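Novice: please work out how this folds:
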Amino acid sequence: MPIVSLKEVAKSYRKGRETIDVLEGIDLDIEEGDFLALMGPSGSGKTTLLNLIGGLDSPTMGSVVVGGQTLGELSGKALARWRSRNIGFVFQFYNLLPVLNAQRNVELPLLLTNLSGAQRRKNAETALTIVGLGDRASHKPGELSGGQQQRVAIARAIVADPALLVCDEPTGDLDRETAEEILDLLSILNREHGKTVVMVTHDPKAADHASHILHLDKGQLVRQAA
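Specialist: Model prediction:
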């Protein structure tokens, strides 16, 4: 069974009296262990598709199944708990809390679990070590470079050991050298730690790190390349 399965998914929004169709008739299966890049022009629906896969939004029509769970069957607190256990989110802008140090930022998703404070700290230390920042646990975001902040964000994404990472332009705010380091880290998480990665990017060099590339245009999948 694919880790992600979308069937006849459509998404539209109301803007006044106008209906804006963002996605139309998306059928997509993503196999466990894949590293998929989603590409396409601005407004093509890439981020909307990513948000549907991550359970941050719901389709107007169709079904989204992730890890065997039909997301339309969950809502509110149940959906939030499901996301905290099963999905790791990495965004272009790191969304770290400036008043918290790296370790406390990484621990945040675990507050929705029943883990003890000691276990949360241990898991955060492990995640920071995996991303190469074990020695920066006490540093606040303002004391870290952009690349280090993104590593903290990735550690936060993996701290609950989710099977799926969804990444929205994870290198869009970084210089080329730092971006390559982050992409190499995502590749390591994919190959060595078994994480399925779905990444939205405008950057062909970033997409080269993926095992598959899907192109969206005007809300439809138009081409797949190996």
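
Novice: any idea what residue 4 is bridged to?
Specialist: residue 30, residue 66 (DSSP bridges).

Novice: please name the residues that touch it.
Specialist: With contacts defined as C-beta atoms under 8 Å, 6 or more residues apart in numbering, residue 4 is in contact with 28-30, 53, 64-66, 164, 196, 198. (C-beta placed from N, C-alpha, C; glycine too.)

Novice: is it possible to get TSV of the residues you listed that adds pLDDT, neighbour count and distance to residue 176?
Specialist: What follows is the contacts of residue 4, written out as TSV (pLDDT from 0 to 100; neighbours: other C-beta atoms under 10 Å; distance: C-beta to C-beta, whole Å):
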residue	pLDDT	neighbour count	distance to residue 176
28	94	20	30
29	95	13	33
30	95	21	28
53	95	24	28
64	96	23	34
65	96	18	37
66	96	25	32
164	96	22	27
196	96	23	26
198	96	26	23
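
Novice: just the CA coordinates of stretch 110-118, formatted as PDB?
Specialist: Taking C-alpha atoms only, stretch 110-118 is exported to PDB below (Å, rounded to 0.1, in the frame of the first residue of the first chain):
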ATOM      1  CA  LEU A 110       6.100  16.200  21.600                       C
ATOM      2  CA  LEU A 111       3.900  18.400  23.800                       C
ATOM      3  CA  LEU A 112       1.000  16.700  22.100                       C
ATOM      4  CA  THR A 113       2.200  13.300  23.200                       C
ATOM      5  CA  ASN A 114       2.200  11.500  26.600                       C
ATOM      6  CA  LEU A 115       6.000  11.500  26.900                       C
ATOM      7  CA  SER A 116       7.600  12.600  30.100                       C
ATOM      8  CA  GLY A 117       9.700  15.800  30.100                       C
ATOM      9  CA  ALA A 118      12.900  13.700  30.400                       C
END
